[in-house]
Every structure is written in C-alpha cells, then in structure tokens.
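Asker: okay, here's the prediction I keep looking at, along with the sequence it came from:
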Amino acid sequence: MRVLVIGGGGREHALVWKLKQSPQVQEVYCAPGNAGIGEMATCVPISVTDVEALVRFASDRRIELTVVGPESALMAGVVDAFEAEGLTIFGPKRAAARVEGSKRFAKELMEKYGVPTAGYRSFHDPREAIAYIRRQGAPIVVKADGLAAGKGVIVAQTVEEAVEAVHRMMEERTFGHAGEEIVVEECLFGEEMSLMAFVDGETVRPMVPAQDHKPVYEGNQGPNTGGMGAYSPVPHIGDSQIQQALSEILIPMARGMAREGLSFQGVLYAGLMMTEMGPRVIEFNARFGDPETQVVLPRLDGDLADILLATATRSLAKAELAWKREAAVCVVMTSRGYPGSYEKGKVIQGLPKACEEAVVFHAGTATIDQQLVTAGGRVLGVTSLGTDLEGARQSVYKTLGNIRFEGAHFRRDIATAFCGVKTK
C-alpha cells in the first residue's frame, strides 16, 4: 500500500512512524514533512492547504490511502476534493470539520443533541461581549470562534483579564479572522481529559484516553500553547467515567452530525472536563490531537493502516482495536519565546543517543548544511513507554538530558501530578 500523510509536525511524525510498522505499507510520503519524517518517508514540498497539488500528487503516484493531520487542511476542503476524484482519504469533509473550525457551530450542535457542555453566548460585537462578561463575572472563558492553533482560548480569572482578551481577539485581531466572532462560556472545574475516537458515520471506536498540558510553564502557568506534553493512560479517571463520556458525548455527537447530513469520518476528538456533574465538553476537534497522538499511537497494539482504511471505507465495525498495558509520557521541547516569537536555525545535538532510549518525534525541524536545526515553536516531542506512568516519566526526563539546542525549553512537571512528584 502507498500512503500519503498530510502535515509536517509531531503528530504526523507519529502517524508515519506507526504506519511504517504495518506489513501492508510499502511506501509512505509526507507533505510537507520535516527532517525527522524524512528519515523514514519521502517528503514532498506541498503545503497542507494546496488542495489541487495534493490531489494531483496522490493521483500521479497512485496513492491508496491519504491521512490528513492538521485541521487547516480539513477546513481547506482536502477531503472533499480527494473524494470527488475517487481517492481514498481519512478525515472528515469540510462541512463536518466545522465542529472544530467554528466553536459556535459545535456549541449549537451540542445544544441540539443534548451533549453536555458549558453554558455560552457567542458575539460579533465586542461591546456586547464585554457587557455580558461584566454581568457574568469571573472566572470565565473567552474563545476565538475559528482556528487559532490551539492558542485562542483564554481562561480569565478576572473580569479585566476577560475584557482584555476580547480586545485582543476582536479589535487587535491577535488570531486574525478566527477572532471575528468569539464564544464566551462558563468556566468548568474538574480534571481535563482528551478522548479521541475513530468514527465512520455512526460507528464510534474509542482510543485510550490521554491528558494534555496546554500552558507553557510548570504548574499550568503562562499562555496556552499547542501542547507541552501528554500522558496515557489517565488512571485517576475511572473506566465508568470514560464509558459515560463515550455514551453521553461522542456517540450522540456522531449520530447527531449524521442526522444533520454531516456524517463524520475520521477522528472525533473530545476535549473534556470531568466535573462533579459528569463529563462536559470543553471543545471538539476533527483530527488526531497533538501531542496526544504521540502517547496514544505507541500504545496501539495492532496495524494502524488497517484501522485508518476501515474508517475511510466505512467498515470500522469490523476493525480490530487492541491496546498495550504500558504507559506513555511525551514531553515537548520548544524554542525560546514560544508561543510568542522565536528564533529558528538553532543546531540540535544529542539525538542519536536520545533515540536509543526513547521515541523522538520531530515537530519543527529542518536540515540545513547537513545539520539538524530548529524550524518551529514546538521542536521535538520525546516519548517514553514504561510499565507505569512513573517509569515512563523517569525515562523520558532522563532522555531529555541528552538533547541540546540553544534556548531549549520544556516543562519539568508532565505527568508529575499523578505520580506525586514535586517540582521546583
């Protein structure tokens, strides 16, 4: 089988890594890929939103399965275009991907089909949004309606902070067009969890849960990022709670979308808050999470190509899904300054030794003058497996000590809350 993976980050490296383990996959291409992906697949210099070029490449190379990584490609309509040409592709069409592309749209669907989530209001006028915030008080959550690379959410502890978030999103346009409309919602309290599922219409097959760490600094301080690390399983959230999230959230959402004529095919990702009243949806995504994929796929005990193909061809009910008992912890190394402005081109050292001890997924790397250098805000995702979370955590932090580049930053408390470890 010839496979094309669309994207160039750590999530796509994890997809390529797992697909390469399939005995039925002979060739893997990645558009555009990165330096790490280039060591195991053929990278092609095509943007994830250049739909015409992607279709042409897949047709010319007789690609038998295409897997979409980033949400920007989904919202550009890549799945619609591939299916129109009779090409097999894993991912939802643009209309269904709006469950991530518009927070208001997702909220309206949840409201219609009884999917539990936080109370909310949406706004096009910043003055109306600010008046609502002043009436509601804080803490309160302000979200850009559109895609903002995981950074368009402000959990405001004060009214002033929330008002400032409205100004930045709607007037200063910090997140561009994504902030033309905003959603203001009640602040939920509890334990966060990411639960992804393969969906091929109304068949929903859950993956193992994971927990992400969004803020850039230890103790969940600082601005939100695309993700600073993750771990799986999430032992302090019981199986009954996970089953409740499946039966009350993921399955009703998939069925509701089908009833709306938006039959979902791909990964439906529920970002959840496990509250005292049960699971509540924080957000839906329409693709694999990043960095959650970097801890979930290493725990998959089986052939990823089989599962992706079954999902894409609407035969998911027949696919076999099994999971390893091992725990996985991923820590993301970033460039200094991320999620703000950062420099590129810093030489990365120590990877050969690190790769002997863990799986190193490249997120933002490039090769210049035969040297591996930084080329993004999130640079590497280092993942270790262990018999339990504490073993995986110890292993990944030992490995991180071998990797060096100027300005490297990573959180030192990934998975420590569960493991009972105190950090400075």
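Answerer: Ah, there it is. Just so it is clear, the model here is predicted, and its values are computed rather than measured.

Asker: from here on, just use CA atoms for contacts and neighbour counts.
Answerer: Noted.

Asker: all strands for the stretch 151-300 of the chain, in order.
Answerer: Applying DSSP state E, counting those that start in this stretch to the stretch 151-300 of the chain gives strands spanning 153-156, 182-186, 191-200, 204-206, 211-212, 215-217, 221-224, 229-232, 265-275, 278-285.

Asker: for residue 122, find the nearest of the ones you listed.
Answerer: strand 182-186 (4.3 Å; CA to CA).

Asker: got the domain boundaries for the chain?
Answerer: Domain assignment for the chain by automatic domain parsing gives 2-93, 125-180, 191-318, 327-419.

Asker: what sits against the spatially most central residue of the chain?
Answerer: Geometric centre of the chain, nearest residue: residue 289, 2.0 Å, by CA atoms, centre = their mean. Residues near residue 289 by CA atoms under 8 Å, 6 or more residues apart in numbering: 11, 196, 269.

Asker: can you lay out these as TSV showing distance to residue 95 and pLDDT?
Answerer: Compiled in TSV, the contacts of residue 289 are given as follows (distance: CA to CA, whole Å; pLDDT from 0 to 100):
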residue	distance to residue 95	pLDDT
11	23	98
196	19	98
269	16	98
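
Asker: turn the residues you listed into JSON lines, including neighbour count and distance to residue 79.
Answerer: Formatted as JSON lines, the contacts of residue 289 follow (neighbours: other CA atoms under 10 Å; distance: CA to CA, whole Å):
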{"residue": "11", "neighbour count": "25", "distance to residue 79": "18"}
{"residue": "196", "neighbour count": "29", "distance to residue 79": "20"}
{"residue": "269", "neighbour count": "23", "distance to residue 79": "18"}
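
Asker: got a markdown table for those, with distance to residue 47 too?
Answerer: Formatted as a markdown table, the contacts of residue 289 follow (distance: CA to CA, whole Å):
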| residue | distance to residue 47 |
| --- | --- |
| 11 | 16 |
| 196 | 26 |
| 269 | 24 |
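
Asker: for residue 166, state which of those is nearest.
Answerer: Closest to residue 166 out of the contacts of residue 289 is residue 269 (26.5 Å), distances taken as CA to CA.

Asker: so what's the residue nearest to the closest one when sequence neighbours are not counted up against?
Answerer: Using CA to CA, 6 or more residues apart in numbering and skipping residues adjacent in sequence, the residue nearest residue 269 is residue 196, 4.2 Å away. Taking CA under 8 Å, 6+ apart, we find residue 196 in contact with 206-209, 267-270, 288-289.

Asker: spell out which helix or strand contains the residue of the chain most remote from its centre, please.
Answerer: Distance from the centre of the chain peaks at residue 135, with 33.5 Å (CA atoms, centre = their mean). Per DSSP states H and E, residue 135 falls inside helix 126-136.

Asker: buried set for that helix?
Answerer: Residues of helix 126-136 classed as buried under the neighbour-count rule (16 or more other CA atoms under 10 Å) are 126, 129-130, 133.

Asker: reformat those as a markdown table; add pLDDT.
Answerer: Output for those, formatted as a markdown table (pLDDT from 0 to 100):
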| residue | pLDDT |
| --- | --- |
| 126 | 95 |
| 129 | 96 |
| 130 | 97 |
| 133 | 97 |
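
Asker: what stretches of the chain score poorly on pLDDT?
Answerer: Counting by pLDDT under 70, the chain contains low-confidence residues at 418-424.

Asker: so residue 347 sits against residue 371, correct?
Answerer: Yes - with contact defined as CA atoms under 8 Å, residue 347 reaches residue 371; the gap is 6.7 Å.

Asker: what ranges do the helices span in the stretch 251-400 of the chain?
Answerer: Here the stretch 251-400 of the chain has its helices, by DSSP state H, counting those that start in this stretch, at 251-259, 293-296, 304-312, 351-357, 389-400.

Asker: most neighbours per residue, which of those helices?
Answerer: Of all the helices of the stretch 251-400 of the chain, helix 293-296 carries the top mean neighbour count, a mean of 28, counting by mean count of other CA atoms under 10 Å.

Asker: convert that one to CSV, retaining C-alpha atoms only.
Answerer: The C-alpha trace of helix 293-296 is given here as CSV (Å, rounded to 0.1, in the frame of the first residue of the first chain):
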residue,chain,number,x,y,z
THR,A,293,-1.2,11.2,19.3
GLN,A,294,2.4,10.8,20.4
VAL,A,295,1.3,8.9,23.5
VAL,A,296,-1.8,7.1,22.2
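
Asker: off-centre distance for that helix?
Answerer: In terms of CA atoms, centre = their mean, to the nearest Å, the gap separating the centre of helix 293-296 from the centre of its chain is 10 Å.

Asker: tell me what it is packed against?
Answerer: Under the contact criterion of 3 or more CA pairs under 8 Å, 6 or more residues apart in numbering; DSSP states H and E, helix 293-296 touches helix 10-19, strand 229-232, strand 327-334, strand 378-386.

Asker: contact partners of the longest one?
Answerer: With contacts defined as CA under 8 Å, 6+ apart, helix 10-19 is touched by 5-6, 25, 28, 33, 36-37, 40-41, 69, 288-291, 293-294, 297-298, 303-305, 361-364, 380-381.
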